[in-house]
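Take this sequence and fold it.
(2 chains)
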Amino acid sequence: MNNASEKSAVRVRTVDIATAVIIFSLGAIVCWDSYRLGAGWATDGPESGYFPFYIGLILCAASVINFVNALRVENQADGDASFVSIASLKMVCSVLIPTIIYVALIGGVGPIPGLGIYVASAIFVAMFMRWLGKYRWPLTLAVSVSVPIVFFLMFEIWFNVPLPKGPLEAMIGLD
Amino acid sequence: MDELNSLMHGFSVALTPMNLGFMLVGILLGVLIGVLPGLGGANGVAILLPLTFAMGSTPEGQVSAIILLSCIYWGALFGGAITSILFNIPGEPWSVATTFDGYPMAQQGKAGEALAAAFTSSFIGAFVAVVMITFLAPSVAKFALRFGPPEFFAVYLLTFCSFVGMTKSPPMKTVAAMMLGFALATVGLDTVTGQLRLTFGFTDMMKGFDFLIAVIGLFGIGEILLTLEEGLHFKGEQGKMRMKVVLETWKELPKYWKTSIRSSLIGCWMGITPGGATPASFMGYGVAKRFSPNGKNFGKGEIEGVIAPETAAHAAGTSALLPMLTLGIPGSPTAAVLLGGLLIWGLQPGPLLFEEKKDFVWGLIASMYLGNIAGLIVVLTTVPLFASILRIPFSIIAPVILVICAIGAFTVHSSMFDVWLMLLFGVVGYVFKKLDYPLAPMVLALVLGDRAEDAFRQSMLASQGSMTVFFSNSLVGTITTLALLMLFWTPLSAVIGRLRKA
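Numbering: from 1, shown residues only, chains lettered A, B, ... in the order given. The predicted structure is shown next:
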């Protein structure tokens, strides 16, 4: 996967350390909030924060060890290895970013209303096929329109599970 | 022979035309899920679980729902082998070991033999595990009736400590992943005191993190991102199944009975202890390689190298349901999702289930026999169909799978916030997988967090905060000691190894 010719975007050690720091902070937050709620013993038994407080403590302790392990000399070779190559990262982002936009399109962001899951899915599948798959428009349109229709029939009609709908469905009276 | 009577009763519950229909649909969906990258047993069942919410309101519906979901699981176990053998892409983590000899066999034009051997040994592994469940589960459940909160907490402790001692990931990464799961499980309303925990005033956080969202994100989105690194194109060998090839392979199989028995035993053991199907398949392969007279040919297309991991994986995947049903502790992420389903339908998994819901338990066990027979027939006849699905380019399949994941996440609570969470979990899953943080203990901790905490609180309440309650009688003391042994297994075995050398 990582040929010598493929440039590394980021090394394993960097991500390893970053992850340990993030998990440590999460552990600290858990401890702090549990302490706020009371991590001790009330008259009627353990308080709300009793159990999570220790979870948070262990989380912090484990991250410290993971942090140290990432820096240790004997792990140097592993740490210097590439976490992801630039080419792979580009590939991953070329899917992750459209997916984020897709989720934003379904429900909208802040005051902007969403398009509903069916229209958003059609746009998402079409864009994906056109840009990443380099398909011609006829096939792209055929797949991207039929996929939401199949899901509509399956969820709204067969299983009776309503999914988010937008202005288009309201316009043609399917809402 | 109480078990046989109960089993016969189970068959009468499971053998209705509707349940047989659900079985078939489940198997087909499961194979499809197993074949598609990014959709696996755990997240496939998680996505389809919301569709069964309505079914779970009647006792008959609960049986049908669990048959549908468990058959998806069997189907996924079978389906993983197809992609491993024909495409050298493990459709599921537990079929990685199948690629070692399965793909070379396909390259030599023996795809039919490899597939027939894989499916048949999967079936044998599962069958051994179901027989074991039939006869062992009632006794385990009866024994567990004596358990109080300290015993249950000790069993939870044992489950989680086994992960630390047994997984190949660095122990502290396992601990971190697991505790993250526990921390996420505490978010939301504390049912005992009615206080809000870790919500920081966000209303979306109040209902807590649903493990179904985590499973869909971690295993679904994360897996797709990983697959993408390899590019968008699959290359595969032709897969044809002829009856003649199947029959010839069946004639060959009895020769490898020793491997089958070894792998079945390894699988059953790894399934009951929370090792799961993936390590079981590797262990089955490794042990077979060591003991087989053809061991040195392993990796070059030896049929025994397909039989060993497939038998072990299926035996483990199936026997993971034993602790789930009897103790309420799932042995694998997929079993955890099934347990979640039981809870949503209002069933309490655990020893009482065997007393109070006989129809449900024995209907499920009977359906395991039927489902695996149906599964074997289905996969043997539909391989070309599913192989052709993999020929659809990934740039069409990937967006459709992402859409399915989004829909699946939304339907859990009809909430858009969950879809965003799913994306976040997807990125976490991708990074964790690459850094060797194990995902299974995290999911299990998220599922069991509340129950483990309840058991812990009740134990503490009874003992007025003294930890000695976990050593207060011989039963709980033994389990706790075992748990501690597992927790420190890595350093302990290192010390023992050094002492031996000296």
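
what about the strands in chain B?
Assigned by DSSP state E, the strands in chain B fall at B:188-189, B:196-197.

Quick check, the residue in chain A closest to chain B?
residue A:133 (3.0 Å; Cβ to the nearest Cβ). For the C-beta atoms, the positions are set from N, CA and C on the backbone; glycine is no exception.

Turn the strands of chain B into TSV, columns for distance to chain A and mean neighbour count.
Below are these laid out as TSV (distance: least, Cβ to the nearest Cβ, whole Å; neighbours: other Cβ atoms under 10 Å in any protein chain shown):
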stretch	distance to chain A	mean neighbour count
strand B:188-189	10	16
strand B:196-197	6	22
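
Just list the residues touching the residue of chain A closest to chain B, thanks.
A:140, B:232, B:393, B:395, B:396 (Cβ atoms under 8 Å, 6 or more residues apart in numbering or on different chains).

Of these, which belong to helices?
A:140, B:395, B:396 (DSSP state H).

Next, the buried residues of stretch B:467-479.
B:469, B:470, B:472, B:476, B:479 (16 or more other Cβ atoms under 10 Å in any protein chain shown).

in the stretch 251-400 of chain B, what residue is nearest chain A?
For the stretch 251-400 of chain B, Cβ to the nearest Cβ, closest residue to chain A: residue B:395, 3.0 Å.

who's in contact with that residue?
Here residue B:395 is in contact with A:128, A:129, A:132, A:133, A:135, B:232 (Cβ under 8 Å, 6+ apart).

The second one reaches residue B:397, doesn't it?
It refers to residue A:129. No: counting by Cβ atoms under 8 Å, residue A:129 stays clear of residue B:397, with 10.5 Å between them.

More neighbours: the two, which one.
residue A:129 (25 against 19; other Cβ atoms under 10 Å in any protein chain shown).

Chain neighbours aside, what residue packs nearest to residue A:124?
Leaving aside its sequence neighbours, residue A:124 sits nearest to residue A:102 (Cβ to Cβ, 6 or more residues apart in numbering or on different chains; 4.1 Å).

burial measure for that neighbour, as a count.
23.

roughly how far apart are it and residue B:77?
To residue B:77, residue A:102 is 31 Å away according to Cβ to Cβ, to the nearest Å.

same thing with residue B:178?
Look at residue B:178 and residue B:77: by Cβ to Cβ, they are 25 Å apart.

Distance check, the closest residue to residue A:50 other than its chain neighbours against residue B:146.
Excluding the flanking residues, the one nearest residue A:50 by Cβ to Cβ, 6+ apart is residue A:39, at 5.5 Å. Distance, residue A:39 to residue B:146, using Cβ to Cβ: 32 Å.

More neighbours: which of these two?
Looking at residue A:39 and residue B:146 with other Cβ under 10 Å, you find the greater number of neighbours at residue A:39, namely 20 against 9.

what helix or strand is the more buried one on?
Here residue A:39 is covered by no helix or strand, with elements defined by DSSP states H and E.

Show the backbone phi and psi for it.
phi -100, psi 20 (degrees, to the nearest 10).

Now do the same contact list for it.
Taking Cβ under 8 Å, 6+ apart, we find residue A:39 in contact with A:47, A:49, A:50, A:52, A:53.

let's see 6 Å
Contact partners of residue A:39, counting by Cβ atoms under 6 Å, 6 or more residues apart in numbering or on different chains, are A:49, A:50, A:53.

any idea which of the residues you listed is closest to residue B:199?
residue A:49 (13.1 Å; Cβ to Cβ).

Please identify the helix or strand for the closest residue to the closest one other than its chain neighbours.
Nearest non-adjacent residue to residue A:49, counting by Cβ to Cβ, 6+ apart: residue A:34, 3.1 Å away. According to DSSP H and E, residue A:34 maps onto helix A:12-37.

so what secondary structure elements neighbour the helix or strand just after that helix?
With elements assigned by DSSP H and E, the helix or strand that comes after helix A:12-37 is strand A:41-42. The contact analysis (3 or more Cβ pairs under 6 Å, 6 or more residues apart in numbering or on different chains; DSSP states H and E) places strand A:41-42 against no helix or strand.

What's the first helix or strand after strand A:41-42?
Later in the chain than strand A:41-42, the nearest helix or strand by DSSP H and E is strand A:45-46.

What lies in contact with that following strand?
Applying Cβ under 6 Å, 6+ apart, the contact partners of strand A:45-46 are B:457, B:460, B:461.

now the first one: how far from residue B:477?
The one in question is residue B:457. 20 Å.
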